[in-house]
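Trainee: 3D model of this:
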Amino acid sequence: MRFTNISKAHWFLANAIFLLTILSTTLVFAQANGPADALWELYKEGNFAEVVVQGKLLINTDKETAQVNLAVGRSLVHLEKYDDSFVYLTKAVQLDSDKTWVYAWGQVYLGMANWKMGDYARAGQAFILARDCNATRNATRNATTYMTRLGLSESYANWQSFETDNFSFLFSDRLEDFDKVKFATRHEEAFLNISQWFGGQPDEKIRFLLYANQEEADEAGVGTLGFSKPTMFLTHARIGQTVGHEMTHNIAFHALNPQTMTGLINEGIAVHMDQTGRNQLKRARKARKDKGGESFNVSIPAIWKDWTLAPDEYSYPLAGAFVARLLEKGGKEKFFEFFTDQSYEHAQEIYGQDLNQWVREFEEDLYK
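Mentor: Numbering: from 1, shown residues only. Next comes the predicted model:
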């Protein structure tokens, strides 16, 4: 999973896809002097509960419009009241007979609500309708992105779905002679091990898309594998990746609720928990030598603050080895306390002067 040091608030906006785009486009399209104008102002402020209250009052006083229903329906989705949102979103698209931006965004949100309720077929249908009406660039782009990310586009039409207790798998049709049951069973076993270690887990199934290779992912337009979007309970992976890495991203995020994440720690714990049992310090030493030995020294504090300083083949095992060292020296309880804010500064607060000594010792071991 590619990672840069970023706060959870910003990271959520980047990975939830639609929030920033939707909030910024609403007022552009709002009709002047319409009954929904005040609702959109509240919506822009993120005051979704008040949008619902005032919107229902408008509907009950014969001031119902497509926009009013859309504002209420979208706000209910943001409030995670998906069942309640359906009636308003459906009414919004019905009232917008010209299939303008209201219809398009109504379908996007119907797709979102159905997806969150586990009805992937209806979610896909709604996203297709939003995409194909081509009412606005942003709505079309969001619908298309969701279809791709969630495995609902035409590219996945022949893929095989497979449900387990904690996963909703979608397997590529190019996976020939592939034991899907064995793969799913191994992932369920790993899920149990990792979630027990963290003391928590996601409250929804992880949507897990498995590709035959990177080329197939490129054709689908999803980017470099593998990666996870914990806010969406989502993983895209290819054959040959470790069983635990991407899974750990999802479990750790929901079990410990980190507010500030850094590449060194967030990727480090995923490498440490990848279920391979490999010696990550040994791998990091080899990668360093392959990259130039002594001429390729990156201090732990430096890479902690800037994850982009080293190539993946070096930074990932380094991070895994360093997280293992933190756990060895400081214990799991302190690590969990620190994990909510993974910054170097917070680590200094939690571990005190011991951290500097541990870093020096680790770097000495790394550079042997």
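Trainee: so what's the closest residue in space to residue 79 that isn't next to it in sequence up against?
Mentor: Spatial nearest neighbour of residue 79, excluding adjacent residues (C-beta to C-beta, 6 or more residues apart in numbering): residue 48 at 5.2 Å. Every C-beta, even on glycine, is put in place using the N, C-alpha and C of the backbone. Applying C-beta atoms under 8 Å, 6 or more residues apart in numbering to residue 48 gives the contacts 42, 75-76, 78-79.
Trainee: quick one: low-confidence ranges for the stretch 1-150 of the chain?
Mentor: Scanning the stretch 1-150 of the chain for pLDDT under 70 picks out 1-33.
Trainee: all helices of it, in order?
Mentor: Secondary structure of the stretch 1-150 of the chain (DSSP state H, counting those that start in this stretch): helices at 8-15, 19-29, 37-44, 48-60, 66-78, 82-95, 101-116, 120-133, 137-149.
Trainee: what's the closest of those helices to residue 344?
Mentor: Closest approach to residue 344 among these is made by helix 8-15 (16.6 Å; C-beta to C-beta).
Trainee: all strands of the chain, in order?
Mentor: For the chain, the strands defined by DSSP state E occupy 6-7, 160-163, 167-171, 206-211, 227-229, 234-238, 260-261.
Trainee: so which bits of stretch 146-162 are buried?
Mentor: Neighbour counts using 16 or more other C-beta atoms under 10 Å place 146-153, 155-156, 159, 162 of stretch 146-162 among the buried residues.
Trainee: correction: the previous question concerned stretch 335-345.
Mentor: Buried, per 16+ other C-beta under 10 Å, within stretch 335-345: 335, 337-339, 341-344.
Trainee: could you dump those residues to JSON lines with distance to residue 292 and pLDDT?
Mentor: As requested, those are exported to JSON lines (distance: C-beta to C-beta, whole Å; pLDDT from 0 to 100):
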{"residue": "335", "distance to residue 292": "32", "pLDDT": "98"}
{"residue": "337", "distance to residue 292": "37", "pLDDT": "96"}
{"residue": "338", "distance to residue 292": "32", "pLDDT": "97"}
{"residue": "339", "distance to residue 292": "32", "pLDDT": "97"}
{"residue": "341", "distance to residue 292": "33", "pLDDT": "98"}
{"residue": "342", "distance to residue 292": "28", "pLDDT": "98"}
{"residue": "343", "distance to residue 292": "29", "pLDDT": "97"}
{"residue": "344", "distance to residue 292": "25", "pLDDT": "97"}
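Trainee: save these as TSV, and put in distance to residue 267 too.
Mentor: Listed next are the buried residues of stretch 335-345 as TSV, based on distance: C-beta to C-beta, whole Å:
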residue	distance to residue 267
335	15
337	20
338	15
339	13
341	16
342	10
343	15
344	15
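Trainee: what are the buried residues along the longest helix along the chain?
Mentor: The residue-count maximum for a helix in the chain (DSSP state H) belongs to helix 312-339. Residues of helix 312-339 classed as buried under the neighbour-count rule (16+ other C-beta under 10 Å) are 314-326, 329-330, 334-335, 337-339.
Trainee: let me see the mean pLDDT of stretch 275-295.
Mentor: Across stretch 275-295, the average pLDDT comes to 87.
Trainee: send the alpha carbons of it over as PDB?
Mentor: What follows is stretch 275-295, C-alpha atoms only, in PDB (Å, rounded to 0.1, in the frame of the first residue of the first chain):
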ATOM      1  CA  GLN A 275       1.900 -13.700   8.600                       C
ATOM      2  CA  THR A 276       5.100 -14.700   6.800                       C
ATOM      3  CA  GLY A 277       7.400 -14.800   9.800                       C
ATOM      4  CA  ARG A 278      10.200 -13.400   7.700                       C
ATOM      5  CA  ASN A 279      13.200 -11.700   9.300                       C
ATOM      6  CA  GLN A 280      12.500  -8.100   8.200                       C
ATOM      7  CA  LEU A 281      15.700  -6.700   9.600                       C
ATOM      8  CA  LYS A 282      17.700  -9.200   7.500                       C
ATOM      9  CA  ARG A 283      15.600  -8.200   4.400                       C
ATOM     10  CA  ALA A 284      16.200  -4.500   5.100                       C
ATOM     11  CA  ARG A 285      20.000  -5.000   5.400                       C
ATOM     12  CA  LYS A 286      20.000  -6.800   2.100                       C
ATOM     13  CA  ALA A 287      17.900  -4.200   0.400                       C
ATOM     14  CA  ARG A 288      20.200  -1.500   1.700                       C
ATOM     15  CA  LYS A 289      23.300  -3.200   0.400                       C
ATOM     16  CA  ASP A 290      21.600  -3.700  -3.000                       C
ATOM     17  CA  LYS A 291      20.900   0.000  -3.100                       C
ATOM     18  CA  GLY A 292      24.500   1.100  -2.400                       C
ATOM     19  CA  GLY A 293      25.400   0.200   1.200                       C
ATOM     20  CA  GLU A 294      26.900   3.000   3.200                       C
ATOM     21  CA  SER A 295      26.000   5.600   0.600                       C
END
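Trainee: perfect, I'm done here.
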